[in-house]
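Q: Quick one, structure for this:
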Amino acid sequence: MGTPNASDGNACLLKKWIGPALIVAAALAQTAWGWRKWPDVLVDYGQTPYIAWQLAAGKTLYTDIAYFQGPLSPYVNSVLFRLFGVSLTALMVGNLVFIAGILFLLHQLLAAISDRLTAAAGCLTFVGVFGFAQYVPYGNYNFVCPYTPELTHGVALSLLGIWFLSRYARRHRPGAIAGAGISTGLVFLTRVELFLPAFLAITAGLGLVLCSEKTTPARRLRAMGLFLGCVCVPPLAAIALLSLKMSAHQALASAWMLPAWSAALAGRTGSLKFYRDKLGITDVPGNLREILAWLGWYAALFVPAALAAVAVPRPAKRHGPAALAVFVIVAGLLLARLSTTQWLYAARPLPVLMLALGALTGVEWFRCEKNDPRRGPLIVRLVLIIYSVAMLARIILNVHVYHYGFALAMPAGLLLVAALCGWVPAAIDRRGREGGMFRAAAFAALAVGIFAHLQVQESCFSQKSFTVGSGGDRILADFRGPFVARALRAVAVNIRTNETLTVLPDGQMLNYLSRRASPVPYTDFMPTEFAIFGEDAILDSFRVDPPDYIALVHKDTSEFGYRFFGRDYGRKVYAWIEENYQPAALIGDMPLQDDRFGILFLKRRTAGSGTRP
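A: Numbers count the residues shown, from 1 in each chain. Got it, this is the predicted structure:
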């Protein structure tokens, strides 16, 4: 027997680490490229730093600040502020750490259900398409500065729970079940639509693992009981902690997100045009045609590639030149036939493809003997497919990556990468044919797709050139940046630090960057908040503790079915504002009138101030 060759060892080491090295390099490049461009200067994201700042200053979630999501993310962000100081940098770096965790978990899971090369391809897809993206004028739809912080935390915890389950499938240690349960329970404290996919997938996967074990029914019940008991630990702990600041009944309702559940079950939020459009039910025939059209594209691309791969025997030495030729041909065809923006809709058929992959994986699992080592990875694959389909539920007929899809379509998108780059080529190889040729076609499509998404991202980032804020709060904004900068100067000059400011209907970044708090517990005044909390409750909060100043920021909410606050919704609140406040300063054009942007400051009337300045 010959001695090991040092060059062979170095080659193995290089093969092991080149994928992770490329992932880290790509993530660092994306971080440098998008640094301070991820958050939106006015829309949605401002709630995240504002709430964290208020909690760090001593306020209590749900009593001082109205909130209908779980308590985990706001308090995590407030801890970051307490530890590292109040700045957007602290939040961005914190989420970059979560993204690193997501990439680690994705690599582990994808390698477990395919191979290291496919795992690297999936993680690079996450970096290039989902994690740092911006494909629409507004920011918010990325994992660094998402429109709601629960998305980054909830997805990371969901993947952690699935990772614990995969460890139990391999080693059958109860500690992994507890880890999966605790992780799932923490997801419960984020958002309803994140908890349900994680709970459904992990519970189903654990049931499959337990059924595959040679053990007694009593032991299976104890294992499932351990999981469910651990799921309950984080919510119960949250209720106990919140009870220190509020009644037990209010703590229960808050930690369990009862306002969000009740609004969803009553249809108050689901009836809004915005959510119906995202779901795809406002134009079912049109969306079905889009899904079928994209299925046709997938078939036209990958069926010939599969036939070509099956037609070529797998020799001792692979067909490297042939695979390279396939890569070049497929990449050239895609570059010639699909425009950059068309790629934003390539995720349309993901629900159909995931169901097909789930059926095939289920059949393969049933065919395996109970002691077959493939059963564990197949269960993990099924769990990820169940999780992916459940995550798509909110956009099921209108799947996309440019809006909610950056998070909701991400798991399914990466599983499609795993199927095309790993599972299908491996199946062709097992039949003695040349799977490498199919893999070359898949890599070509993946490379062109990532390149197209990066081009769209560049067009959005290029519009963000105006600096707003300073120091750790500095961000780069689009055309709205100069208006916001002027507004912040006006606040600094005219509103004392002990005076209060409420921004309507959206734009809490003004509160945060100016460090002017709002006395009203509600932090957003969009149609969703009116549907969940009710206009009378919102109006009462203004009457109880009216702010010294109000800022009306232009926001067209036509996507919700109501164009302008004060005219199409929130009329009672707007009428009260008109009665009790007078204009103080106008920056830009009059807001909430037409397509022109502007910010109007109003000051609370005092006795004898008259009706107009």
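Q: Can you tell me the closest non-neighbouring residue to L392?
A: Excluding the flanking residues, the one nearest L392 by C-beta to C-beta, 6 or more residues apart in numbering is P351, at 5.4 Å. All C-beta spots, glycine's among them, are computed from the backbone N, C-alpha and C.
Q: gap between that neighbour and E193?
A: Going from P351 to E193 by C-beta to C-beta, to the nearest Å gives 16 Å.
Q: next structured bit after the least confident helix or strand in the chain by mean pLDDT?
A: The least trusted helix or strand in the chain, going by mean pLDDT, DSSP states H and E, turns out to be helix 258-266, with a mean of 61. The helix or strand immediately downstream of helix 258-266 is helix 273-279, counting by DSSP states H and E.
Q: Name the residues that touch that following helix?
A: For helix 273-279, contacts defined as C-beta atoms under 8 Å, 6 or more residues apart in numbering pick out 269-270, 282, 394-398, 403-404, 527-528, 559-561.
Q: ChimeraX command for the buried members of those residues?
A: Here is the ChimeraX command that selects only those of those that count as buried (16 or more other C-beta atoms under 10 Å):
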select :269,394,395,396,397,398,403,404,527,528,560
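Q: So the residue nearest to L392, which state does it fall into?
A: State at P351, reduced to three classes by DSSP: H, G, I helix; E, B strand; the rest coil: helix.
Q: Quick check, pLDDT for it.
A: Per-residue pLDDT puts P351 at 97.
Q: any idea how far it is from T125?
A: In this view, P351 and T125 are 18 Å apart by C-beta to C-beta.
Q: As a check, name the ranges of all strands in the stretch 501-613 of the chain.
A: Here the stretch 501-613 of the chain has its strands, by DSSP state E, counting those that start in this stretch, at 501-504, 549-553, 581-588, 598-604.
Q: what angle separates the last one from strand 581-588?
A: I take that to be strand 598-604. Inter-element angle recorded for strand 598-604 and strand 581-588: 160 degrees (by axes from the mean of the first three to the mean of the last three C-alpha atoms, to 10 degrees).
Q: who's in contact with the residue nearest to L392?
A: Contact analysis of P351 by C-beta under 8 Å, 6+ apart lists 291, 389, 392, 396-397, 399, 412.
Q: hmm, 7 Å instead?
A: Under the criterion of C-beta atoms under 7 Å, 6 or more residues apart in numbering, the neighbours of P351 are 389, 392, 396, 399.
Q: what's the spacing between the first one and T148?
A: Using C-beta to C-beta, one obtains 22 Å as the distance from V389 to T148.
Q: the more surrounded of the two?
A: Between V389 and T148, counted using other C-beta atoms under 10 Å, the more crowded position is V389 (22 against 18).
Q: Confirm that that one sits in a helix.
A: Yes. Assessed with three-state DSSP, V389 lies in a helix.
Q: from what I can see it touches M354, true?
A: Yes. The pair V389 and M354 qualifies as a contact (C-beta atoms under 7 Å) at a distance of 5.0 Å.
Q: what comes up buried for the strand or helix carrying Q455?
A: Here Q455 sits within helix 435-461, counting by DSSP H and E. Neighbour-count burial for helix 435-461 flags 435-450, 452-454, 456-457, 460-461 (criterion: 16+ other C-beta under 10 Å).
Q: SS state for the most centrally placed residue in the chain?
A: Geometric centre of the chain, nearest residue: A407, 3.1 Å, by C-alpha atoms, centre = their mean. Under three-state DSSP, the three-state class of A407 is helix.
Q: so it makes contact with L151?
A: Yes. A407 lies in contact with L151 (C-beta under 7 Å); the separation is 4.7 Å.
Q: any low-confidence regions in the stretch 251-400 of the chain?
A: For the stretch 251-400 of the chain, applying pLDDT under 70 flags the ranges 257-269, 315-319.
Q: related to what we said a few turns ago, is it possible to export the strands of the stretch 501-613 of the chain to JSON lines including mean neighbour count, mean pLDDT and distance to T184?
A: As requested, the strands of the stretch 501-613 of the chain are arranged in JSON lines below (neighbours: other C-beta atoms under 10 Å; pLDDT from 0 to 100; distance: least, C-beta to C-beta, whole Å):
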{"stretch": "strand 501-504", "mean neighbour count": "26", "mean pLDDT": "98", "distance to T184": "36"}
{"stretch": "strand 549-553", "mean neighbour count": "25", "mean pLDDT": "97", "distance to T184": "38"}
{"stretch": "strand 581-588", "mean neighbour count": "17", "mean pLDDT": "96", "distance to T184": "47"}
{"stretch": "strand 598-604", "mean neighbour count": "21", "mean pLDDT": "97", "distance to T184": "43"}
